Each structure stands twice: as structure tokens, then as C-alpha cells.
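In: here you go, sequence then predicted model.
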Amino acid sequence: MSRKCQLTGKKANNAYAISHSHRRTKKLQQANLQWKRVWWPQGNRWVRLRLSTKAIKTLEKKGLQAMAKEAGINLNHY
């Protein structure tokens, strides 16, 4: 599985690490991903998802069903 948020699609960003002498080397800024068990009331069960911390925060506000519908994923497969 790739390092990608399953609800928002967040993934790594290419960037430069700039030293004191201003020498630039490429680096990857990874998304802050966490495994999270979320209760899915419509399915009456727990769903285990790999989410970014930003998605976890938004999930508490919007709810799992609404975010899954926006992302276009079927929660029966998770």
C-alpha cells in the first residue's frame, strides 16, 4: 500500500532541504499518516483506515459516511 491518505488522497511532497551554505538536496515531505479504527454506524462495525491527521480532525466534524462519499470509496471493502 502506498503512503497515501485513503479519504483525502494526501501523499508525499517533493521539496528541497537547504543547508546553511544554501546547498540544496532533494527530500520527500511525507504526509503524517496514522492507522485509525473508526466506527461506521451505517455498517454497524469498525473500519480500519490509513488517514492523515488532518483527515482525522475533519472526520470528527463531518462524519465517516460523508467523507467516504466525497472520496468516492466503498466502505464495505475496508
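Out: It's in.
In: tell me what the helix or strand hosting residue 27 is packed against?
Out: Here residue 27 sits within strand 24-29, counting by DSSP states H and E. Applying 3 or more C-beta pairs under 8 Å, 6 or more residues apart in numbering; DSSP states H and E, one finds that strand 24-29 contacts strand 13-18. In short, each C-beta sits where N, CA and C put it, glycine included.
In: show me where the chain has its helices.
Out: 53-62, 64-71 (DSSP state H).
In: using JSON lines, please lay out the ones you listed together with mean pLDDT, mean neighbour count and distance to residue 41.
Out: Below are these laid out as JSON lines (pLDDT from 0 to 100; neighbours: other C-beta atoms under 10 Å; distance: least, C-beta to C-beta, whole Å):
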{"stretch": "helix 53-62", "mean pLDDT": "96", "mean neighbour count": "14", "distance to residue 41": "13"}
{"stretch": "helix 64-71", "mean pLDDT": "94", "mean neighbour count": "16", "distance to residue 41": "8"}
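In: tell me which of those sits nearest to residue 33.
Out: Closest to residue 33 of the helices of the chain, according to C-beta to C-beta: helix 53-62, at 8.1 Å.
In: residues making contact with the closest one?
Out: Here helix 53-62 makes contact (C-beta atoms under 8 Å, 6 or more residues apart in numbering) with 5, 7-8, 10, 32, 34, 36, 38, 51, 67.
In: from the chain's centre, how far out does it sit?
Out: Remark: helix 53-62 is offset 10 Å from the chain centroid, using C-alpha atoms, centre = their mean, to the nearest Å.
In: re earlier: could the helices of the chain go into CSV alongside distance to residue 19?
Out: CSV is the format used below for the helices of the chain (distance: least, C-beta to C-beta, whole Å):
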stretch, distance to residue 19
helix 53-62, 28
helix 64-71, 38
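In: many thanks, have a good one.
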